[in-house]
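[1] My questions are about this predicted structure, shown below with the sequence.
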Amino acid sequence: MRDALGPGTVLGYCTNVHAGATLAGVLDALARVAPRLRTAGDAPVGVGLWLSARAAAELEHAPDGPARLRDRLAQLGLFTFTFNGFPYSDFHTPVVKHAVYEPTWADPRRADYTLALARLAAQLAEPGAAFSISTLPLGWRAAMSPDQRRAAAQRLARTADALARIEGDTGSRVTVDLEPEPGCVLDTAAGVAEFFAGDLAAAASAAGVPEPALRRHIGVCHDVCHSAVMHEDQAGAMAAYAAAGVRVGKLQVSAAIEGTLEQLGRFAEPRYLHQTVVRRPGGPPAFHEDLPAARAAHPPDAVARAHFHVPIFLSYFGAVRSTADQIAPAIAAARGLHGVRAFEVETYAWGVLPDGLRPDDPAEGIAAELRWARGQAP
């Protein structure tokens, strides 16, 4: 929805909530949900498209693929303004967990996939508007060596150079925006600032990529859920990006959960990773890569936040609290400090919500989220 959160803004939802690792699967899912999404507000409704590497290749090699996609979306009362380039392959297998962090940015397949999305985005971008592609924050921290992290920085620098050439050839500005996530190499605003000033700046210098081109095309996608799990202050995180000269290209409107580990137990499920940060009186918070590991290491009454994208319009799920109250401050800071245009509701976990919270029709929940998000304008 255009101008929903201020002049020039676009609000939509991320389609990684739908199973569909092929182009046909993506379009079928959108055709099923589009009629109900119109209840969220005036058509057309914005969508942040998730295209797997396979779907992106199918679209890129189809005759007039981007034009046909644009036309099909218009027929459904939809339009796209951003891509989610984080999950590379099927995001709805029975067990995803750590697989979502592969391939890393040290692997050439990640850059190849991202640039395929960028070429598509250049043909779909609205005139004069940057088109954000959110991406993996390098990789899972424990799985990447220092050499791999430097290799990732080198690939990102070369990607910035390729994006500058795409803009020169097409006039479309496409940005690749790293999405900090708990447990990844980049999981806080402070870590992002350090990376941009350190490894990424060094890689760009070695590759001959000018600093302005690097900063113009590589930025951050700030996910409110992820930031809340890391106990960041939303306005403080935005200010840290601004102080470091790091551009925020997209805000993912999302919420995490908070409660005692006993209360959070019903949210433990086998498909996705639910990174958990446990408060410890008199000590620093304790990070665990998944909810069951946190529950095994701490007393049941320990208070924690967990990475579980829950419907943003609910403040409580029984005794479990949502961090949705952080969304409005994040939107205000994103607009005020960075002029963010792209706002993407990302609640992909509808299908794995605990019994009693899982809706019969997620499309109705998505529409309710969009209506709620419209009310969070600064």
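    Cool, the structure landed.

[2] need the helices for this protein, in chain order.
    Applying DSSP state H to the chain gives helices spanning 23-37, 53-61, 65-75, 108-124, 146-170, 189-195, 201-207, 211-217, 224-229, 234-243, 261-264, 291-297, 327-338, 362-374.

[3] I'd like to know which elements the fifth one is packed against.
    In terms of contacts (3 or more CB pairs under 8 Å, 6 or more residues apart in numbering; DSSP states H and E), helix 146-170 is packed against helix 108-124, strand 174-178, helix 201-207, helix 211-217, strand 218-223. C-beta here means a position set from N, CA and C on the backbone, and glycine is covered the same way.

[4] buried ones in it?
    148-164, 166-167 (16 or more other CB atoms under 10 Å).

[5] average pLDDT for that helix?
    When pLDDT is averaged over helix 146-170, the result is 97.

[6] picking that back up, so which of the helices of the chain has the densest surroundings on average?
    Highest mean neighbour count of those: helix 224-229, a mean of 28 (counted as mean count of other CB atoms under 10 Å).

[7] pLDDT of that one, averaged?
    98.

[8] and if you look at stretch 351-371?
    On average, stretch 351-371 scores 89.

[9] what's it in contact with?
    1, 11-13, 17, 32-33, 36-37, 39-41, 45, 92, 253, 266-267, 269, 271-272, 310-313, 317, 345, 347, 350 (CB atoms under 8 Å, 6 or more residues apart in numbering).

[10] With Phe81 as the reference, name the closest of the helices of the chain.
    Closest to Phe81 of the helices of the chain, according to CB to CB: helix 108-124, at 8.5 Å.

[11] Quick check: which helices or strands does the closest one pack against?
    So helix 108-124, by 3+ CB pairs under 8 Å, 6+ apart, packs with helix 53-61, helix 65-75, strand 78-84, strand 131-135, helix 146-170, strand 174-178.

[12] Now, the contacts of stretch 351-371 that are in strands?
    Leu11, Gly12, Tyr13, Val45, Val253, Phe317, Val345 (DSSP state E).

[13] Could you pull up the residues touching the last one?
    Residues touching Val345, when contacts are defined by CB under 8 Å, 6+ apart, comprise Leu11, Gly12, Tyr13, Cys14, Gln252, Val253, Ser254, Ile312, Ile366, Glu369, Leu370, Ala373.

[14] Quick check: the nearest residue to Ala268 once chain neighbours are set aside vs Tyr113, distance?
    Closest residue to Ala268 apart from its sequence neighbours, by CB to CB, 6 or more residues apart in numbering: Leu291 at 4.5 Å. Going from Leu291 to Tyr113 by CB to CB, to the nearest Å gives 29 Å.

[15] what do you get for Arg335?
    For Arg335, the distance to Tyr113 - CB to CB - is 30 Å.

[16] circling back to that earlier point, for the ones in strands among the contacts of stretch 351-371, which one is nearest Glu126?
    For the ones in strands among the contacts of stretch 351-371, the nearest to Glu126 is Gly12 (12.9 Å; CB to CB).

[17] mind checking pLDDT for the closest one?
    pLDDT, read off for Gly12, is 95.

[18] what about it, neighbour count?
    28 (other CB atoms under 10 Å).

[19] can you tell me which residues contact the nearest residue to it once chain neighbours are set aside?
    Leaving aside its chain neighbours, Gly12 sits nearest to Gly46 (2.7 Å; criterion: CB to CB, 6+ apart). Contacts for Gly46 (CB under 8 Å, 6+ apart) come out as Met1, Arg2, Val10, Leu11, Gly12, Tyr13, Leu78, Phe79, Thr80, Phe81.
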